[in-house]
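A.B. asks: Need a 3D model of the sequence below.
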Amino acid sequence: MDAHAGPDAPLFEAMIVPHRSLSPRGLRILIAAICGFSALTVLRFWLIGAWPVAGFSVVEIGLAVFLLRLNAKRARASEFVLLTEDGLRIRRTDMHGNREEQTLSAAWLNVLLVERQGRVPALLLSNRDTKVEVAASLGEDEKRDLAEALRDALDRLRHPRFDNPQLREE
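C.D. replies: Purely as a prediction, here's the structure:
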C-alpha cells in the first residue's frame, strides 16, 4: 500500500464501451454503398416494368439507414467502474449523454459471474441486498477478464501488503 494514497485513490478502474467497428466515415461509406446498390437494383426492376419495387426499396433503405445510425448513436454509451477504499462507483452514460451514478460499499462487495443457458454470462456486483449488473455490452471473454480483475482488486483492498523497509532482507 502506498503511504500517500488516500481513501479516494483508485485501486481499480475500468471504462466499458460497446464495441463498434465502424468509424463515422466508414458509416457514411456503408450507407452510400447501400443506397448505390439499391438504386441500381431499383433501376433494373424499373426498366423491366416492375416499378412498385421502388417503393419497397425506399422503405428498405430508410430502415437500414435508421438502424445503422441508431447503432452508431448507441456507441456513445459507456460505463465507468472505479474502486477506491471508500467503495465502488459505477457511472453510466447513456446514448443521449445522461449520467447515472451508483456507489456500493466495498466491505461486502462480491463479484458474481452468473451463467445463463445459451447466452453471455451476466456480471453482477452484489452488496448484501443490492445486485447491479455491469458490462452488459461486453462479450464472454471480456466479462470473465473484468470479473477476475475486479476480484483481484478487492482481494488487494481487503488484504493489503505493507512494505516495511526495516523488515526487508538484504
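
A.B. asks: mind listing the helices for this protein?
C.D. replies: 24-47, 53-74, 140-158 (DSSP state H).

A.B. asks: Which neighbouring elements make contact with the second one?
C.D. replies: Under the contact criterion of 3 or more Cβ pairs under 8 Å, 6 or more residues apart in numbering; DSSP states H and E, the helices and strands touching helix 53-74 comprise helix 24-47. In short, each C-beta sits where N, CA and C put it, glycine included.

A.B. asks: could you point out where this structure is predicted with low confidence?
C.D. replies: 1-7, 170 (pLDDT under 70).

A.B. asks: How is it partitioned into domains?
C.D. replies: Listed by automatic domain parsing, the domain ranges of the chain are 12-18+78-158, 24-74.

A.B. asks: Distance-wise, check Asp94 relative to Asn164.
C.D. replies: Taking Cβ to Cβ, to the nearest Å as the measure, Asp94 falls 47 Å from Asn164.

A.B. asks: thinking again about what came up before, export the helices of the chain to a markdown table and tack on distance to Pro18 and mean neighbour count?
C.D. replies: Listed next are these as a markdown table, based on distance: least, Cβ to Cβ, whole Å; neighbours: other Cβ atoms under 10 Å:
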| stretch | distance to Pro18 | mean neighbour count |
| --- | --- | --- |
| helix 24-47 | 15 | 13 |
| helix 53-74 | 6 | 13 |
| helix 140-158 | 11 | 15 |
